[in-house]
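Participant: This is a predicted model, with the sequence first.
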Amino acid sequence: MVMDIRAGDILQLKKPHPCGERRFRVLKTGMELQLRCLRCGRSLLTPRQKAEKHIKAILREEEPQCL
């Protein structure tokens, strides 16, 4: 099953980046995810299946509802 991951989401991973940060912003989605570390700014490209195994939480700002 595919997780609902969108560009702009912040992913909290189980293992930290070498700089010590666990949170990454999603830049691109698809078969691979492009992520950017929120502490050092380094970006990485990882296969979606591998990334989904390491996600602890998806932090998303709720979109305003139009009435």
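Facilitator: On my side now, so go ahead. All figures in this text were calculated on a predicted structure; none of them were measured in a lab.

Participant: okay, CA-based contacts and neighbour counts for the rest of this
Facilitator: OK.

Participant: who are the neighbours in contact with the residue nearest the centre of the chain?
Facilitator: Closest residue to the average C-alpha location of the chain: Leu11 at 3.6 Å, with C-alpha atoms, centre = their mean. Residues in contact with Leu11, defined by C-alpha atoms under 8 Å, 6 or more residues apart in numbering, are Arg23, Phe24, Arg25, Val26, Ile55, Lys56, Ala57, Ile58, Leu59.

Participant: and the helix or strand in which it is found, average pLDDT?
Facilitator: Counting by DSSP states H and E, the element that carries Leu11 is strand 10-13. Strand 10-13 comes out with an average pLDDT of 96.

Participant: Pull that strand out as CSV, backbone CA atoms only.
Facilitator: The C-alpha trace of strand 10-13 is given here as CSV (Å, rounded to 0.1, in the frame of the first residue of the first chain):
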residue,chain,number,x,y,z
ILE,A,10,7.6,17.1,6.5
LEU,A,11,8.7,13.6,7.3
GLN,A,12,10.0,12.5,10.6
LEU,A,13,12.2,9.5,10.1
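
Participant: hang on, the earlier thing: got a PyMOL select line for the buried ones in the contacts of Leu11?
Facilitator: Selecting only the buried entries of the contacts of Leu11 in PyMOL, with 16 or more other C-alpha atoms under 10 Å as the criterion:
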select buried, resi 23+24+25+26+55+58
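
Participant: Can you tell me which of the contacts of Leu11 is nearest Leu45?
Facilitator: Taking C-alpha to C-alpha as the measure, Val26 is the one of the contacts of Leu11 closest to Leu45, at 10.1 Å.

Participant: Tell me, how many residues neighbour the nearest residue to Arg42 once chain neighbours are set aside?
Facilitator: Of all residues not flanking Arg42 in the chain, Arg36 sits nearest, at 5.6 Å (C-alpha to C-alpha, 6 or more residues apart in numbering). Neighbour count for Arg36, taken as other C-alpha atoms under 10 Å: 20.

Participant: Alright, calling it a day.
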